[in-house]
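> turn this into a model:
(one chain, ligands or ions: 1)
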Amino acid sequence: MTIAELKQQIKLLKTQLASETISSGLRSKYLGKKGHFNQIAQVLTQIDPTERKQAGILLNQFKTFLENHIANQETSQPEAADWIDLTAPGIKPHVGHLHPISQAMDEITRIFERIGFTRVRYPEVDWDWYVFESLNMPKNHPARDEWETFFIDAPEDQEKGKMVLTTHTSNGQVREMERLDSQPPIRMINIARCYRRQQDATHTQMFHQFEGLVIDKGISLQHLKGTLDYFAQEFYGPGTKSRIRPFHFQFTEPSLEVDFSCHICGGTGQVVTEDGTKQKCKFCKSGWHEVGGAGMVHPNVLKAGGIDPEKYTGFAFGWGVERTYTLKEGMNIDDIRLIYSGDLRFLEQF
Ligand code: DAH
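Below you'll find the model as predicted:
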């Protein structure tokens with residue numbers, strides 16, 4: 001072999017080295033016992049003795065080049081694994097889930113569907129007629145003050161009045177009667193967003209309500225109480241009781257407020273501490289949690305929906321989803337605004 005041929009071989013190996021994509025194994029491939037360098041170094045004996053010295057220098061330079069180049073590769077690139085441990089735990093992909101309020105709405109829907117209710121949705125920007133007037137609250141009626149209303153800056157409708165952001169889901173009552181051509185039986189569960197001018201630890205400007213409406217021949221307060229008890233057991237767990245108290249709404253007669261027994265103290269208002277003494281239950285203070293309103297549909301509301309109050313009667317209820325949900329066992333949410341903060345540290349707990 002001549003010096004020129006040796007130079008050519010070194011050149012070839014340099015090109016090959018430059019095109020290597022994986023750094024692992026390079027050292028043994030080029031500098032190992034049976035590596036490329038040792039192989040070309042063997043040709044030294046075949047080289048003309050007069051050129052041997054020069055060949056030795058060339059080979060030494062090449063070895064230093066290899067050492068440096070490979071060392072560089074090894075430090076700049078992490079060792080790539082040349083085998084895979086199939087038993088090693090994988091990287092868990094991040095799995096999202098429905099927002100807790102969406103979960104609550106699904107659960108409420110399923111509970112009422114099991115006893116024959118149909119889930120409906122109605123506009124969340126609606127006419128004054130559906131939100132107030134058809135619900136026995138004529139224009140300028142003081143009862144309207146209860147709802148701190150957002151009005152829409154839009155032209156009024158001659159018959160249906162101003163446009164508002166729905167302050168409650170009760171706007172669905174007369175709409176549902178119209179949808180069914182004023183033909184009972186009606187068993188509706190309307191879940192939707194509501195809006196009021198309010199904001200503090202227990203109120204948000206946007207919240208959700210679920211509204212039940214049942215109209216048929218012979219519907220009485222007993223049907224309402226039975227439905228409340230059923231919901232209490234299904235949503236809050238076996239043993240939860242419901243309680244009704246007299247109240248006033250324009251759209252129901254009689255009107256009621258509904259409470260559910262507290263799951264912490266079982267409705268007694270007292271808890272027994274570790275040392276045996278009795279203390280007031282901090283969660284409810286009275287044994288009961290108020291959740292919302294209900295009552296027997298007012299004859300004027302039935303009339304507004306084209307239904308004859310002499311033939312048919314009905315009951316209705318309307319509660320906040322957020323409030324109903326945060327009273328569930330183990331919730332412990334003291335600021336309702338957290339629900340809509342979008343903070344994943346909060347949301348991922350559900
Ligand atoms: N709409 C009422 C509110 O937002 C709640 C309500 C009370 C709804 C009595 C009803 C009902 O259907 O019968 O405060």
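> switch to C-alpha atoms for all contacts and neighbour counts from now on
Noted.
> name the nearest residue to the residue nearest the centre of the chain, ignoring sequence neighbours.
The residue lying closest to the centre of the chain (Cα atoms, centre = their mean) is His99, at 1.3 Å. Using Cα to Cα, 6 or more residues apart in numbering and skipping residues adjacent in sequence, the residue nearest His99 is Leu347, 7.1 Å away.
> repeat that for Gly212.
Ile189 (4.7 Å).
> can you say which helix or strand has the one you found in it?
strand 186-195 (DSSP states H and E).
> give me the next element, helix or strand, following that strand.
That would be, after strand 186-195 and using DSSP H and E, strand 206-216.
> tally of neighbours for the residue nearest to His99?
17 (other Cα atoms under 10 Å).
> show me what contacts it?
Contacts for Leu347 (Cα atoms under 8 Å, 6 or more residues apart in numbering) come out as His99, Pro100, Ile339.
> how close does it sit to Ala18?
52 Å (Cα to Cα, to the nearest Å).
> re earlier: state the pLDDT value of the residue nearest to Gly212.
Looking at Ile189, its pLDDT reads 98.
> so which bits of this structure are right by the ligand?
His168, Ser170, Glu211, Thr252, Gly293, Ala294, Gly295, Ala316, Phe317, Gly318, Trp319 (Cα under 6 Å from any ligand atom).
> now tabulate those in TSV and tack on pLDDT.
Putting these into TSV (pLDDT from 0 to 100) gives the following:
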residue	pLDDT
His168	97
Ser170	98
Glu211	98
Thr252	98
Gly293	97
Ala294	98
Gly295	98
Ala316	98
Phe317	98
Gly318	98
Trp319	96
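> just these: which are in strands?
Glu211, Thr252, Gly293, Ala294, Gly295, Ala316, Phe317, Gly318, Trp319 (DSSP state E).
> need the max-distance pair from those residues.
The largest separation in those, counting by Cα to Cα, is between Thr252 and Trp319 at 14.5 Å.
> these two: which has the busier surroundings?
Higher neighbour count among Thr252 and Trp319: Thr252, with 24 against 21, using other Cα under 10 Å.
> helices of the stretch 151-300 of the chain, start to end?
Using DSSP state H, counting those that start in this stretch, the helices of the stretch 151-300 of the chain run over residues 171-179, 221-236, 299-304.
> in this protein, where is pLDDT below threshold?
Filtered on pLDDT under 70, the chain yields the residue ranges 77-81.
> switch the cut-off to 50
Across the chain, nothing is flagged by pLDDT under 50.
> quick one, domains of it?
3-80, 100-118+169-188+208-347 (automatic domain parsing).
> out of those domains, which one sits most buried?
domain 100-118+169-188+208-347 (a mean of 18; mean count of other Cα atoms under 10 Å).
> quote the end-to-end distance of that domain.
7 Å.
> then stretch 95-104?
19 Å.
> now that stretch, how far from the chain's geometric center?
Distance, stretch centre to chain centre, for stretch 95-104: 3 Å (Cα atoms, centre = their mean, to the nearest Å).
> stretch 93-105 now?
With Cα atoms, centre = their mean, you get 3 Å for stretch 93-105.
> now do the end-to-end distance for that stretch.
27 Å.
> just the residues contacting that stretch, thanks.
Outside stretch 93-105, the residues touching it (Cα under 8 Å, 6+ apart) are Ile191, Val321, Glu322, Tyr325, Ile339, Leu347, Phe350.
> so what's the fifth one up against?
Listed by Cα under 8 Å, 6+ apart, the contact set of Ile339 reads Pro100, Phe346, Leu347.
> where does the second one land in three-state SS?
Following DSSP: H, G, I helix; E, B strand; the rest coil, Phe346 is assigned to helix.
> quick check: it touching Tyr340?
No - the criterion here is Cα atoms under 8 Å, and Phe346 misses it with Tyr340 at 9.8 Å.
> what about Trp129, distance to the ligand?
14 Å (Cα to the nearest ligand atom, to the nearest Å).
> element containing that residue?
helix 128-131.
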